[in-house]
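In: Let's see this in three dimensions:
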Amino acid sequence: MQRRAQRDPRNKRAKRLTRVLVCAVAVPLVAAGCSSDSGSDDGKDKGASASASQSASPSPTVQAAAYKRLPEPCAVLSEKTLDDLAPKAKSGKEGTSDDVSTRGSCSWSSLDNNGVKGSQFRWLNVSLLRFDSDTTRGPGDKLAQEYYDKQVRDAQSAEGAKSVKAEPVSGTGDEATAVRYDLKKKEGTFKQQTVVARVENVVVTLDYNGAGLAGDRTPDADDLMKDAQKAAKEAVASVTKANGTGAAPSESASKSPSESASKSPSKSASESASKASSKS
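Out: Sure, this is the predicted structure:
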């Protein structure tokens, strides 16, 4: 009986059925493994498209500076203005500069010596500083405005200054401030006038002082200030003239480059991103 049970064909069929069931269970596991691999590929595609969109994003831009050059420092004032402010000055003395396109200065010294009746001294100096736009520091006109504010503060806090007064000046560049004070020295009392003006990305600083020496009368501060403001306005006009009529203001200069730089890259980036998503 036992031998017949072992040779029974039904036992063989049972074993074959067990093997079929094991294979049937194994097939979904293999399919699941394939599905998992496909998901990881989709993740890689998404990561690649994200990195591509980031690389397509526009690089940082900054508006172009309106003014690209400076005039000759000793030529910013007319002969008539120099005759009024420094009548005895033979010629201007140009300051040293490592880059004449970004900075320059010129000074005039005048001494009207009347012998025992005293002397009238005048000293005039014009400084020019131009700022280029920089992607790290900012646009040129903003950098110029920061320097303009610093120059005004420095003039108001000059060492030994007495009776300091400051007032805005109209019609001279984009903004201008006049600072006046007295400086007492052993030679006499000097009346100092400083006019700081900004036009676009250029700052003009004009210093003008006068004194009566050897007992001569002290010059009138109001007259000196009128002359200083007139000269500063003329110097600002020379800066504008040196850059020609084609020099674009900072606002219009900021619109076209920044808008074109921001619109076109973002548009191309969005199109490439949409194409990549449709393909995936």
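
In: Surely residue 240 is in contact with residue 197?
Out: No - applying C-beta atoms under 8 Å as the test, residue 240 and residue 197 come out as separate, 11.3 Å apart. For every residue, glycine as well, the C-beta is placed using N, CA and C.

In: More neighbours: which of these two?
Out: Taking other C-beta atoms under 10 Å, residue 240 and residue 197 do not tie; residue 197 has more neighbours (25 against 17).

In: Show me what the more buried one bridges to in the sheet.
Out: Residues in a beta bridge with residue 197, per DSSP bridges, are residue 176, residue 204.

In: pretty sure it contacts residue 232?
Out: Yes - between residue 197 and residue 232 there is a contact under C-beta under 8 Å: 5.4 Å.

In: Could you tell me which residues touch both of those two?
Out: Common contact partners of residue 197 and residue 232 (C-beta atoms under 8 Å, 6 or more residues apart in numbering): 169, 172, 176, 204, 206.

In: Using the three-state scheme, assign the last one.
Out: In this case it means residue 206. Classification of residue 206 by DSSP: H, G, I helix; E, B strand; the rest coil places it in strand.

In: Just the pLDDT at it, thanks.
Out: Per-residue confidence (pLDDT) for residue 206: 98.

In: ok, it to residue 125 distance?
Out: Distance, residue 206 to residue 125, by C-beta to C-beta, to the nearest Å: 7 Å.

In: Please identify which of those two sits among more neighbours.
Out: Between residue 206 and residue 125, residue 206 has the larger neighbour count (other C-beta under 10 Å), namely 29 against 19.

In: quick one: the more buried one from residue 214, how far?
Out: To residue 214, residue 206 is 27 Å away according to C-beta to C-beta.

In: still on that earlier bit, out of the shared contacts of residue 197 and residue 232, who's nearest residue 188?
Out: Distance to residue 188, by C-beta to C-beta, is smallest for residue 206 among the shared contacts of residue 197 and residue 232, at 21.9 Å.

In: That closest one contacts residue 228, doesn't it?
Out: Yes - with contacts counted by C-beta under 8 Å, residue 206 reaches residue 228, the gap being 6.0 Å.

In: what's the overlap in contacts for those two?
Out: Common neighbours of residue 206 and residue 228 (C-beta under 8 Å, 6+ apart) are 194, 195.

In: What's the mean pLDDT across stretch 116-129?
Out: 94.

In: And that stretch, what's buried?
Out: Across stretch 116-129, burial judged by 16 or more other C-beta atoms under 10 Å covers 118, 119, 120, 121, 122, 123, 124, 125, 126, 127, 128, 129.

In: Can you flag which of these belong to helices?
Out: Among the buried residues of stretch 116-129, no member falls in helices (DSSP state H).

In: which residues touch the nearest residue to residue 240 once chain neighbours are set aside?
Out: Of all residues not flanking residue 240 in the chain, residue 199 sits nearest, at 6.2 Å (C-beta to C-beta, 6 or more residues apart in numbering). Residues in contact with residue 199 (C-beta under 8 Å, 6+ apart) are 67, 173, 174, 236, 239, 240.

In: Quick check: the third one vs residue 131, distance?
Out: Residue 174 sits 13 Å away from residue 131, taking C-beta to C-beta as the criterion.

In: Settle it for me: which of those two has more neighbours?
Out: Counted by other C-beta under 10 Å, residue 174 and residue 131 do not tie: residue 131 has more neighbours, with 25 against 17.

In: I'd say that one and residue 200 touch.
Out: No - contact criterion C-beta under 8 Å: residue 131 and residue 200 do not qualify, at 9.3 Å.

In: Overlap of the contact sets of the two?
Out: Common neighbours of residue 131 and residue 200, using C-beta under 8 Å, 6+ apart, are 65, 140, 141, 144.

In: Would you map the helices across the stretch 1-150 of the chain?
Out: Secondary structure of the stretch 1-150 of the chain, counting by DSSP state H, counting those that start in this stretch: helices at 2-6, 9-56, 79-85, 140-156.

In: All set now, cheers.
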